[in-house]
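Engineer: With the sequence up front, the predicted model follows.
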Amino acid sequence: MSDHAQRPVEVIYLTRRDSIEAVREMLENATPGAQVWLVAPWRHWLTRSLVHLKLLKRAAEGAALDLRLVSTHSETRTLARTAGIPVHWFVPPGLGRYRRQRREGAPELAARVVPVEGGVAPGWRRRPRNLGLGAALLSLGVCAGLVAVMLGVGLALVPTAKVTLEPVARPVSARFDVNANTTYREVAADKMIVPARVVQVIVEGRGETPASGRADVPDAQATGRVVFANKTNSPVVVPKGTIVRTGSGAVVRFTTTTAVELPGSLYASAAAGIVALDPGPVGNVQALTINVIEGEVATRVEVLNDGPTGGGTVKGVPVIDPADFDRLRGEMIAKLQQQAYEQFIAELAPGEFVPPESVEAQVMSQSFDQVAGERSDVLSMTMKVVVRGVAVDGNSVYELAISELEAQAEEGHGVIEDSLVLDRSNRVTVEQNGLRFSASARAMVAPEIDVERVKRGLRGKTVDEAQEHLAETLQLEAPPLVEVEPSGWKYLPWLPARLEVLISSEVS
């Protein structure tokens, strides 16, 4: 008797709600030495992790099980091969009828490990055999004939087809809390934990802000006139630029704007224009206060202003206020934090997202170009900050949403993924090892459809035959839509790769 006939065969159909611990427990409840077929739903989160698959492989080896994985998902198949688990496109004939069965008398998870009566049919896979020379020549001839036949029917493989199915579905919705934890590398669906990681960048830049302080500074110089009187009997010339000033109080100095010639007689007089040396109101003095002459001519001439001087003014100018430093610092932190956030987004892995509420900046260095009270139109500075945030695995949140929605569906029903609408709350609570937020999801659930089986059942059929076949074998809400390219082509392609099956439904 062959080993294949002697070895018991058992089958386990996974659901999207199964955790890694549950699957390992089911394997431990399998018959020691059995061949176990593990059938996974499309894109099951557990089978998309190499770590999980290796754990299953180890559990199977510990129980002396011949573990086989069934999946049509390409990523799952690749990871399974890497983990050393044989992988198959579909279950062998006869195993499909055990999908909803349970082992009688077995408790809880053990009941889902279902023995297969009679085992797997020995002819379901082709066995290698040795070929003699004659058989080899015959095989070459057959191959050549097949090539000729393929060239003859090549046109049958040219068309492409798209089949859109709308299964009988009902809406479901769920609201759940998500814990994005930086210490986890895999999803923990039972704890509603998804993996997250800390991301950080260092950014620096320059910025400026208008000065908000105001100060009055001297502007125009005061002007007026003085009268010079000769104290001698000889002519005297008072040159242009002679300095005169006030004689009491605050000293205010002026300079003459023209030269003056005094006749050679006692108290002969002449007037000259003056302008204050310093700008501003300080040069606005009363009459009869300018009475001092500086320089050699002071011994021969007296001076007096017969009227007040005027025209000395001030103007308001911007200066750096102490509040400007805090304002510019806050603006620069916000600016650099936004730059860092944009850099986060550009460097994230597919499916990841960074909630803005998790982003924080820490100033590493800063330098202002002005000081408080300095006359300047703007306050400018340079700053360097380190910005950190939490990147959440959005694909894992998506898987949690599907799991929560399918928990409300009947067994054998699944979420129509293109109908899934997932909304994340803007309220995020930052914690020591990550963050928490709530999410809501809504979608349509319908009986699960084996896409590969549908393709196999449609190849080579006419459009009418395909529509009739689909209506008879599936529970559909509306007649199936079958489109073939080029337009007017009668038959669907034989190659599954040329046939696209879309499962669609609407969710409000």
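Structural biologist: Thanks, I have the structure now.

Engineer: and the longest strand anywhere in the chain, what does it pack onto?
Structural biologist: For the chain, the longest strand by residue count, based on DSSP state E, is strand 193-210. Packing partners of strand 193-210 (3 or more CB pairs under 8 Å, 6 or more residues apart in numbering; DSSP states H and E): strand 170-181, helix 322-347, strand 378-393, helix 394-406. Any C-beta I mention is one placed from the backbone N, CA and C, and that applies to glycine too.

Engineer: Please identify the most buried of these.
Structural biologist: helix 394-406 (a mean of 22; mean count of other CB atoms under 10 Å).

Engineer: Which residues outside that one are in contact with it?
Structural biologist: For helix 394-406, contacts defined as CB atoms under 8 Å, 6 or more residues apart in numbering pick out 15-17, 45, 172-174, 176, 178, 187, 189, 192, 194-195, 350-353, 413-415, 417, 420, 422, 424, 439, 441-443, 445.

Engineer: Pop the domain breakdown of this protein in here.
Structural biologist: Using automatic domain parsing, the domain ranges for the chain come out as 3-115, 199-211+318-391, 220-312.

Engineer: Turn those into JSON lines, columns for mean pLDDT.
Structural biologist: Listed next are the domains of the chain as JSON lines, based on pLDDT from 0 to 100:
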{"stretch": "domain 3-115", "mean pLDDT": "83"}
{"stretch": "domain 199-211+318-391", "mean pLDDT": "92"}
{"stretch": "domain 220-312", "mean pLDDT": "94"}
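
Engineer: mind checking which of those is nearest residue 484?
Structural biologist: For these, proximity to residue 484 was assessed by CB to CB; domain 3-115 is nearest, at 23.3 Å.

Engineer: Name all residues that make contact with residue 299.
Structural biologist: Residue 299 is in contact with residue 231, counting by CB under 8 Å, 6+ apart.

Engineer: Now do it against residue 232, distance only.
Structural biologist: Going from residue 299 to residue 232 by CB to CB, to the nearest Å gives 9 Å.

Engineer: picking up where we left off before, of all the helices and strands packed on strand 193-210, which one is nearest residue 162?
Structural biologist: Of all the helices and strands packed on strand 193-210, it is helix 394-406 that lies closest to residue 162, at 24.4 Å by CB to CB.

Engineer: quick one: terminal-to-terminal distance for stretch 183-198?
Structural biologist: 10 Å (CA to CA, to the nearest Å).

Engineer: Touching that stretch from outside, list them.
Structural biologist: 17, 19-21, 45, 49, 51-52, 176-182, 388-393, 396-397, 399-400, 403, 433-435.

Engineer: Ok, stretch 230-250 next?
Structural biologist: Applying CB under 8 Å, 6+ apart, the contact partners of stretch 230-250 are 226, 228, 251-270, 272, 274, 277, 282, 285, 289-295, 297, 299-303.

Engineer: List the buried residues in the longest strand of the chain.
Structural biologist: Along strand 193-210, these residues count as buried under the neighbour rule (16 or more other CB atoms under 10 Å): 193-197, 199, 201, 203, 207-209.

Engineer: Is it possible to get TSV of those that adds distance to residue 379?
Structural biologist: As requested, the buried residues of strand 193-210 are exported to TSV (distance: CB to CB, whole Å):
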residue	distance to residue 379
193	47
194	44
195	44
196	39
197	38
199	32
201	26
203	20
207	9
208	6
209	6
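
Engineer: List the strands paired with the helix or strand harbouring residue 11, with their directions.
Structural biologist: When elements are assigned from DSSP states H and E, residue 11 belongs to strand 9-13. Strand pairing for strand 9-13, using DSSP bridges, gives strand 35-39 (parallel), strand 114-115 (antiparallel).

Engineer: Just name the most buried of those strands.
Structural biologist: Comparing the strands paired with strand 9-13 on average neighbours per residue, with mean count of other CB under 10 Å, the densest one is strand 35-39 at a mean of 22.

Engineer: Please pull up the helix or strand immediately following it.
Structural biologist: Downstream of strand 35-39, the first helix or strand assigned by DSSP H and E is helix 50-62.

Engineer: Now tell me what touches that following helix from outside.
Structural biologist: With CB under 8 Å, 6+ apart as the test, helix 50-62 has contacts from 20, 23-24, 27-28, 36, 38, 46-47, 66-67, 69, 79-80, 82-85, 185-186.

Engineer: could you redo the last one with a cut-off of 6 Å?
Structural biologist: Residues outside helix 50-62 that contact it (CB atoms under 6 Å, 6 or more residues apart in numbering): 20, 24, 27, 46, 67, 79-80, 83-85.

Engineer: How about stretch 321-335?
Structural biologist: Here stretch 321-335 makes contact (CB under 6 Å, 6+ apart) with 207, 209, 212-213, 361, 372, 379, 381, 383.

Engineer: redo that, cut-off 8 Å
Structural biologist: Counting by CB under 8 Å, 6+ apart, residues outside stretch 321-335 touching it are 205, 207-209, 211-213, 361, 363, 366, 368, 372, 379-381, 383, 385.

Engineer: for stretch 254-267, same thing?
Structural biologist: 224, 226, 228-245, 268-277, 283, 290, 301, 309.

Engineer: Now, those residues that are in strands?
Structural biologist: 224, 226, 228-230, 236-238, 243-245, 269-276, 290, 301.

Engineer: thinking again about what came up before, restricted to strands, list the contacts of helix 50-62.
Structural biologist: Within these, residues falling in strands by DSSP E are residue 67.

Engineer: Buried ones only from the contacts of helix 50-62, please, as a PyMOL command.
Structural biologist: The PyMOL command for the buried members of these (criterion: 16+ other CB under 10 Å) is given here:
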select buried, resi 20+24+27+46+67+79+80+83+85
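
Engineer: Export the contacts of helix 50-62 to JSON lines and append columns for distance to residue 357.
Structural biologist: Shown next, in JSON lines, are these (distance: CB to CB, whole Å):
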{"residue": "20", "distance to residue 357": "31"}
{"residue": "24", "distance to residue 357": "37"}
{"residue": "27", "distance to residue 357": "42"}
{"residue": "46", "distance to residue 357": "30"}
{"residue": "67", "distance to residue 357": "44"}
{"residue": "79", "distance to residue 357": "34"}
{"residue": "80", "distance to residue 357": "38"}
{"residue": "83", "distance to residue 357": "38"}
{"residue": "84", "distance to residue 357": "43"}
{"residue": "85", "distance to residue 357": "41"}
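
Engineer: Just the endpoints, please. Distance across stretch 41-50?
Structural biologist: One end of stretch 41-50 sits 17 Å from the other (CA to CA).

Engineer: so is residue 488 in a helix, a strand, or just coil?
Structural biologist: coil (DSSP: H, G, I helix; E, B strand; the rest coil).

Engineer: give the contact list for it.
Structural biologist: Contacts of residue 488 (CB under 8 Å, 6+ apart): none.

Engineer: Same check on residue 381?
Structural biologist: By CB under 8 Å, 6+ apart, the contact list for residue 381 reads 206-208, 328-329, 332, 366-369.

Engineer: If anything else comes up later, I'll come back, but that's it for now.
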